[in-house]
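Chemist: Whatever this is, show me its structure:
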Amino acid sequence: MDLSKITCTEDFRLAAKRRVPKMFYDYADSGSWTQGTYHANEQDFHKLKFKQRVAVDIDRRSLRTTLLGQDVAMPLAIAPTGLTGMQHADGEMLAALAARDFGIPFTLSTMSVCSLEDVAQATRAPFWFQLYVMRDRSFIENLIARAKAANCSALVLTLDLQVLGQRHKDIKNGLTTPPRLTIPNLLNLATKPYWCRKMLGTQRRSFGNIVGHAKGVSDLRSLSTWTAEQFDPSLSWKDIEWIKNAWGGKLIVKGIMDADDARYAVDSGADALIVSNHGGRQLDGAPSSISCLPAISKAVGDRIEVLVDGGIRSGQDVLRARALGAQGSMIGRAFLYALGTAGQAGVARLLKLMANELDVSMAFCGRTDINQVDRSILLNPDIFDRPGY
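Modeler: Residues are numbered from 1 along each chain as shown. So this is what the prediction gives:
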């Protein structure tokens, strides 16, 4: 594929839809129930309008900043996504390599196909690890120890998946653990030669962080039973203390959508929080992440670093998020589309496109340094401040 003809995330989405099997494409490109929150995440970014400035010296510009004390090429990180290795063979390893080469953080999900050890061996560089809290605390303690051994530089604790929101497409496609090889699924696979060819070249087709590590989980069949029972609905703020102590490093809490919860995150001793509604995949009818960002940023001030995910499809969205108080943004679906299209090269192309759009848009707003960007670059920075938005 000639990636020079790809100009935006939407191009990657359309290409991924052609290349990735339907059950896995739909897994990434869907929200819960009506998908209202999923769509609002993206749509609300477009409501924020830029203030164009002219005759300003914009000759020398910089997108460099820091995320959790780490120097980054731009204020962006790759978000944790489950089953990434089903979008493209060895997907987590390839995306991590693209992020490393560009100079931004990559986050590996607990529910990844490639394991912590796979990614560590491939990248030879620090990355972030996202943790789901399971009932089996000994498994979690072991997972944290493995993340330390893999030289992970931050632990991302997801707080909004104690129970699962229903995603209609997964049910209709028969996306189970393991996936059901129904006649429609097999017929669809026959139309995806690129994906099949790549998948035949790898042995990584399971949940690498779990199979062979959790008690009684030796194959996909036993994994299905284990995962159905393990997500812990009793998770509460008091559990964060033992996780933080077991980890001992930088801790990020993910799933914050309320100012009070943001204050709890500060009190918990976390180093950063992520304003996130899980990409609209959990509580349908919740507000968009970007609409919650201003109130959360105001509530915590500079006591904790604030990041945001959900609906970010462009460099302009990264700029909008920065203007409303986010130190950085995270992309999930956008990088999955690029990965499904062309593996590591696809993700590298996406990051280049987003950086260029961020750079040029920042210049049009009369800024030369991403660290100078604030609410003043927007015509309507208060749009989400009105009650009941």
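Chemist: longest helix of this protein?
Modeler: helix 333-364 (DSSP state H).
Chemist: and the closest residue to I377 other than its chain neighbours, how far is that from F50?
Modeler: By the measure of Cβ to Cβ, 6 or more residues apart in numbering, the closest residue to I377 outside its immediate chain neighbours is C365, 4.2 Å from it. Where C-beta positions appear, they are placed from N, C-alpha and C, glycine not excepted. Separation of C365 from F50 (Cβ to Cβ, to the nearest Å): 6 Å.
Chemist: between the two, which one's more packed in?
Modeler: C365 (20 against 17; other Cβ atoms under 10 Å).
Chemist: Which residues does the helix or strand bottoming out on mean pLDDT in the chain contact?
Modeler: Lowest on mean pLDDT, DSSP states H and E among the helices and strands of the chain sits helix 220-230, with a mean of 74. With contacts defined as Cβ atoms under 8 Å, 6 or more residues apart in numbering, helix 220-230 is touched by 134-136, 176-178, 206-207, 210-211, 214, 216-217.
Chemist: Could you tell me how many residues sit around I331?
Modeler: Neighbours of I331 under the rule other Cβ under 10 Å: 28.
Chemist: from what I can see it touches P80, true?
Modeler: No - the pair formed by I331 and P80 falls short of the contact definition of Cβ atoms under 8 Å, at 11.2 Å.
Chemist: where do the strands sit along this structure?
Modeler: Secondary structure of the chain by DSSP state E: the strands cover 65-67, 70-72, 76-78, 107-108, 128-131, 154-158, 250-256, 272-275, 305-309, 328-331.
Chemist: of the ones you listed, which approaches G85 most closely?
Modeler: Nearest of the strands of the chain to G85, taken as Cβ to Cβ: strand 107-108 at 10.6 Å.
Chemist: Give me the contact list for that closest one.
Modeler: Contacts of strand 107-108 (Cβ under 8 Å, 6+ apart): 77-80, 92, 96, 114, 116, 119, 127-130, 152, 156, 330.
Chemist: Please tell me how far the residue most central in space within the chain sits from H213.
Modeler: By Cα atoms, centre = their mean, the mean C-alpha position of the chain lies nearest to A79, the distance being 2.1 Å. Per Cβ to Cβ, A79 is found 23 Å from H213.
Chemist: that older thread, residues in contact with both of C365 and F50, list them for me.
Modeler: Residues touching both C365 and F50 (Cβ under 8 Å, 6+ apart) are L319, I377.
Chemist: Which residue, other than its chain neighbours, is closest to D101?
Modeler: Using Cβ to Cβ, 6+ apart and skipping residues adjacent in sequence, the residue nearest D101 is A348, 6.7 Å away.
Chemist: residues contacting the one you found?
Modeler: By Cβ under 8 Å, 6+ apart, A348 lies in contact with A98, D101, F102.
Chemist: Now render these as TSV, adding distance to D385, pLDDT and neighbour count.
Modeler: Below are those laid out as TSV (distance: Cβ to Cβ, whole Å; pLDDT from 0 to 100; neighbours: other Cβ atoms under 10 Å):
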residue	distance to D385	pLDDT	neighbour count
A98	37	98	25
D101	39	98	15
F102	34	98	20
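Chemist: Save the residues you listed as JSON lines, and put in distance to D258 too.
Modeler: Listed next are those as JSON lines, based on distance: Cβ to Cβ, whole Å:
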{"residue": "A98", "distance to D258": "33"}
{"residue": "D101", "distance to D258": "37"}
{"residue": "F102", "distance to D258": "33"}
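Chemist: rewinding a little: can you give me every residue that contacts the residue nearest to the centre of the chain?
Modeler: A79 sits next to T107, D309, M330, I331, G332, F335 when contact means Cβ under 8 Å, 6+ apart.
Chemist: The last one and P80, how far apart?
Modeler: Okay, so that is F335. 11 Å.
Chemist: just the second one next, same as before
Modeler: Using Cβ to Cβ, D309 is found at 9 Å from P80.
Chemist: Check the first one too.
Modeler: Using Cβ to Cβ, one obtains 4 Å as the distance from T107 to P80.
Chemist: who are the neighbours in contact with the nearest residue to V20 once chain neighbours are set aside?
Modeler: Closest residue to V20 apart from its sequence neighbours, by Cβ to Cβ, 6+ apart: G340 at 4.2 Å. Going by Cβ under 8 Å, 6+ apart, G340 touches F12, A15, A16, R19, V20, F24, Y25, A28, Q87, H88, W195, G346.
Chemist: before we move on, what about P75?
Modeler: P75 neighbours (Cβ under 8 Å, 6+ apart): L63, T65, L67, V318, R322, A326, Q327, G328, S329, I370.
Chemist: farthest pair in those?
Modeler: Longest span within the contacts of P75, Cβ to Cβ: L63 and A326, 14.4 Å.
Chemist: of those two, who's got more company?
Modeler: Using other Cβ under 10 Å as the criterion, L63 and A326 rank with A326 on top: 26 against 21.
Chemist: Next up, the contacts around the more buried one.
Modeler: Going by Cβ under 8 Å, 6+ apart, the list of residues near A326 reads P75, V275, L293, S297, V306, L307, V308.
Chemist: Please indicate which of those residues has the highest neighbour count?
Modeler: Busiest of the contacts of A326 [other Cβ under 10 Å] is V275, holding 32 neighbours.
Chemist: Against P294, how distant is the closest residue to that one other than its chain neighbours?
Modeler: Nearest residue to V275 in three dimensions, chain neighbours excluded: V308, at 4.3 Å (Cβ to Cβ, 6+ apart). Distance of V308 to P294, given as Cβ to Cβ: 10 Å.
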